[in-house]
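Asker: Let's see this in three dimensions:
(chains A and B)
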Amino acid sequence: GDSVTQMEGPVTLSEEAFLTINCTYTATGYPSLFWYVQYPGEGLQLLLKATKADDKGSNKGFEATYRKETTSFHLEKGSVQVSDSAVYFCALSGDNDYKLSFGAGTTVTVRA
Amino acid sequence: DTAVSQTPKYLVTQMGNDKSIKCEQNLGHDTMYWYKQDSKKFLKIMFSYNNKELIINETVPNRFSPKSPDKAHLNLHINSLELGDSAVYFCASSRGGTGNTIYFGEGSWLTVV
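Answerer: Model (predicted):
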């Protein structure tokens, strides 16, 4: 079945550092890919998404490109802030699929 | 204007009790979900309804019973609560079909003592 593998955390960074969270997937067909963010004590919010190969999703300074050749959707941000401290989830929705399959989540802590 | 709202946000209850979590969405979506997040933050689909019809029923104990009175509501009833049921339960909704964004509620923190 469909699955998502993302890098394990926790990740601790200093403000203004570069952030990368790796995400790879296994799926048949052409899944849609998502990054969700969960701030402490809150629910999940969509951060960005891409629905076809080579699409780039971007939001709040975060970017991820749908790479079918490497089955990857890595999340990047050039300069993180303390407010980016959260748990980040990579997820996919397969062809004709009514659900999201999530990766294990990566906890990111940004220190001032 | 909360898009997906669920109540209660916090629930502490004793083993063996029966409890319900209610969920409502005002986005006009036709598909609703229940996800469970465990203590390690892992998220797993439990149920999904499309136009009030159950379309996903993952391996969940039959003590868990979803009910969808209409397209805007999906409630979760749990019988005979066990310690292992302690988790965060997220309701969500979307327009049906792949690629559509799923919108989550703020979660219901269930603690069974």
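Asker: Would you map the strands across chain B?
Answerer: B:4-7, B:10-13, B:19-25, B:31-37, B:43-50, B:53-57, B:64-70, B:73-78, B:87-94, B:103-104, B:108-112 (DSSP state E).
Asker: Going by mean pLDDT, which of those strands comes out lowest?
Answerer: Considering these one by one, the lowest average pLDDT is found for strand B:53-57, at a mean of 86.
Asker: and the angle from it to strand B:43-50?
Answerer: On the basis of axes from the mean of the first three to the mean of the last three CA atoms, to 10 degrees, strand B:53-57 is oriented at 160 degrees to strand B:43-50.
Asker: how about strand B:53-57: buried residues?
Answerer: The neighbour-count check on strand B:53-57 (16 or more other CB atoms under 10 Å in any protein chain shown) flags residue B:56 as buried. For every residue, glycine as well, the C-beta is placed using N, CA and C.
Asker: same check, this time on stretch A:94-102
Answerer: The neighbour-count criterion (16+ other CB under 10 Å) identifies A:94, A:97-102 as the buried residues of stretch A:94-102.
Asker: out of the residues you listed, who's near chain B?
Answerer: Among the buried residues of stretch A:94-102, the ones lying close to chain B by the criterion of CB under 8 Å from any CB of the partner chain are A:94, A:97-102.
Asker: Excluding chain neighbours, give the residue nearest to the residue positioned nearest the centre of chain B in space.
Answerer: Nearest residue to the geometric centre of chain B (CA atoms, centre = their mean): residue B:34, 3.0 Å. If the residues on either side of it in the chain are set aside, residue B:34 comes closest to residue B:46, at 4.4 Å by CB to CB, 6 or more residues apart in numbering or on different chains.
Asker: who's in contact with the closest residue to residue A:66 other than its chain neighbours?
Answerer: Closest residue in space to residue A:66, ignoring its immediate chain neighbours: residue A:50 at 3.9 Å, by CB to CB, 6+ apart. By CB atoms under 8 Å, 6 or more residues apart in numbering or on different chains, the residues touching residue A:50 are A:32-33, A:56-57, A:64-66, A:73.
Asker: my read: the residue nearest to the centre of chain B touches residue B:49, true?
Answerer: No: Residue B:34 lies out of contact with residue B:49 (CB atoms under 8 Å); the separation is 9.1 Å.
Asker: Need the residues touching each of the two.
Answerer: With CB under 8 Å, 6+ apart, residue B:34 and residue B:49 have common neighbours B:66, B:74.
Asker: any idea how far the residue nearest to residue A:66 lies from residue A:72?
Answerer: Residue A:50 sits 11 Å away from residue A:72, going by CB to CB, to the nearest Å.
Asker: Output the strands of chain B as a markdown table; include the columns distance to residue A:46.
Answerer: Below are the strands of chain B laid out as a markdown table (distance: least, CB to CB, whole Å):
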| stretch | distance to residue A:46 |
| --- | --- |
| strand B:4-7 | 12 |
| strand B:10-13 | 24 |
| strand B:19-25 | 15 |
| strand B:31-37 | 14 |
| strand B:43-50 | 14 |
| strand B:53-57 | 20 |
| strand B:64-70 | 23 |
| strand B:73-78 | 19 |
| strand B:87-94 | 10 |
| strand B:103-104 | 7 |
| strand B:108-112 | 20 |
